[in-house]
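Undergrad: attaching a predicted model along with its sequence, questions to come.
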Amino acid sequence: MSNEKILIVSHGHPDISKGGAEVAAYNLYQEYKNRGIDCLFLARTDRPAHGGSTFSTRNGGEEVLFHTHMGDFFLFQNGYKKHVWQDFKSLLEQYQPTVVHFHHYIHMGLELIKQVKNSLPDTKIILTLHEYLAICANNGQMVKPGGQMKLCYKSTPSDCASCFPDKSASDFFLREKYIKSVFEQVDHFVSPSHFLIDRYKAWGIEEEKMTMIENGQPQVEFLPPRPLAKDEPRGKFAFFGQVNPFKGIDILLEAFRALPEDVREQVHLDIHGANLESQTSEFKDKVAELLEELEGTVTMHGSYESHEMGQLLAQTDWVIIPSNWWENSPMVIQEAYKHGRPLIGSDIGGMAEKIVDGETGILFRARNYVDLAKKIEDIVEDSSNWELFVENIQVPLTIEECADIHLGEVY
């Protein structure tokens, strides 16, 4: 048993906000709890607190919800200073953690890191980087704003200012200096992909302060292959995740629309995702038009619970990740692999790192629906390599192994 006393801080609770980073943080917390380690899970929420309090408890009082928000998304500063400098400070002083592991700072503020260092200077601070927020002010996507959404390969103050005309190069220079000054108080950074480490290393974080640790997964047995009718190809495809422009859902739908009619009759796409209603009218109209054209070929199912993944994947042959930004390490990759399902993904970022083209899945040229359509057509014509892909899949890092690495090498 570890002697550490661990506070895990997440920008959301997976019972309320179903992002991959929230699930990764909570899985790690649950594993520590299972081992009898003294740990506390603090998750930010935008839900109002009873009586206006800063904190409330969840799941029998063993988990804490942090009712706060950011007032400045450019510098990641909390909107309620009392929440940081008094309430969070009081929580730290009462709990006295030896390790504070941040799985995010968005929606809460970078000041939380400073407060840990001020209140408990001997406490080790760990930060898991899940995307490029510190580097890129465009939602941490490293994608140029605008309709084209061009990929960005490296940030500089002058280039960033050209993306945001209301900000100057000096604003971005000072933003970078401020964020780096806070990051200097972090003892160690964790990343679920080497690709993200390379981006942050180029940005200025010392390589020796970063460790690549995949998001650990509860271990399960591979699902059996989906039963096929006579002469049926492995033509059942599925998408899991947020339905927004960055996830490439429009690219995916356009690829299915581009399929020859005889191929389209042999395939089906299930979309399991949420938040379409939160997107722009232009994007919603585009998706609605494509769905109407693809009626009978595509089914939109809406959101899903993480415990349903096995059941949903049992009805699937291939999982498609058509993201058009530098995904770090999409949780759906590990979910698919742990259940024994090969992937089709964009050839950039963490997707190109995690999917071995021709061995555990298929890569297509990012943002190119014609290339994706060709890959789908090839599968329908000959899906005999599906079994080989499944045989090549390595069981993802288990949550037990993930916790061992954190406890043994990082904390």
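TA: Received the coordinates, thanks.
Undergrad: please list all residues in contact with residue 144.
TA: Contact analysis of residue 144 by Cβ atoms under 8 Å, 6 or more residues apart in numbering lists 138, 150, 151, 152, 163. No exception for glycine: its C-beta is placed from N, CA and C like everyone else's.
Undergrad: can you pick out the most distant pair from those?
TA: Maximum pairwise distance in the contacts of residue 144, criterion Cβ to Cβ, is 12.5 Å, between 151 and 163.
Undergrad: that older thread, weed out the non-buried ones from the contacts of residue 144.
TA: 138, 151, 152, 163 (16 or more other Cβ atoms under 10 Å).
Undergrad: neighbours of residue 93, how many?
TA: Close neighbours of residue 93, defined as other Cβ atoms under 10 Å, add up to 10.
Undergrad: not counting its neighbours along the chain, what's nearest it?
TA: residue 119 (6.1 Å; Cβ to Cβ, 6 or more residues apart in numbering).
Undergrad: quick one: pLDDT of that neighbour?
TA: On pLDDT, residue 119 comes in at 97.
Undergrad: distance of it from residue 385?
TA: 56 Å (Cβ to Cβ, to the nearest Å).
Undergrad: repeat that for residue 350.
TA: 23 Å.
Undergrad: residue 343: which of the contacts of residue 144 is nearest?
TA: Distance to residue 343, by Cβ to Cβ, is smallest for residue 151 among these, at 20.6 Å.
Undergrad: show me what contacts the closest one?
TA: 142, 143, 144, 325, 326, 348, 366 are the contacts of residue 151 under Cβ under 8 Å, 6+ apart.
Undergrad: save those as JSON lines, and put in secondary structure too.
TA: Below are those laid out as JSON lines (DSSP: H, G, I helix; E, B strand; the rest coil):
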{"residue": "142", "secondary structure": "coil"}
{"residue": "143", "secondary structure": "strand"}
{"residue": "144", "secondary structure": "coil"}
{"residue": "325", "secondary structure": "coil"}
{"residue": "326", "secondary structure": "coil"}
{"residue": "348", "secondary structure": "coil"}
{"residue": "366", "secondary structure": "coil"}
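Undergrad: one step back: out of residue 350 and residue 385, which sits in the more crowded spot?
TA: Set residue 350 next to residue 385 and count neighbours by other Cβ under 10 Å: residue 350 wins out with 23 against 16.
Undergrad: measure the more buried one to residue 186 for me?
TA: Residue 350 is 21 Å from residue 186, by Cβ to Cβ.
Undergrad: what is the burial count for residue 134?
TA: 23.
Undergrad: checking the residue lying closest to it once chain neighbours are set aside next. Helix, strand or coil?
TA: Leaving aside its chain neighbours, residue 134 sits nearest to residue 179 (4.8 Å; criterion: Cβ to Cβ, 6+ apart). On the three-state scheme (three-state DSSP), residue 179 is labelled helix.
Undergrad: for residue 179, give me the pLDDT.
TA: 98.
Undergrad: wait, it sits on residue 136?
TA: No. Using Cβ atoms under 8 Å, residue 179 is not in contact with residue 136, being 11.2 Å away.
Undergrad: show me the contacts for residue 145.
TA: Going by Cβ under 8 Å, 6+ apart, residue 145 touches 138, 163, 164.
Undergrad: isn't the first one right up against residue 163?
TA: Yes. Taking contact to mean Cβ under 8 Å, the distance of 6.3 Å between residue 138 and residue 163 places them in contact.
Undergrad: quick one: contacts for residue 321?
TA: Counted by Cβ under 8 Å, 6+ apart, residue 321 has contacts 239, 241, 327, 330, 332, 333, 343, 344, 345, 346, 351, 355.
Undergrad: same question for residue 345.
TA: 320-323, 333, 351-352, 354-355, 361-364.
Undergrad: what's across from it in the sheet?
TA: Beta-bridge pairing for residue 345 (DSSP bridges): residue 321, residue 363.
Undergrad: how much space separates it from residue 333?
TA: 8 Å.
Undergrad: quick check: neighbours shared by those two?
TA: Taking Cβ under 8 Å, 6+ apart as the contact rule, residue 345 and residue 333 both touch 321, 351, 354, 355.
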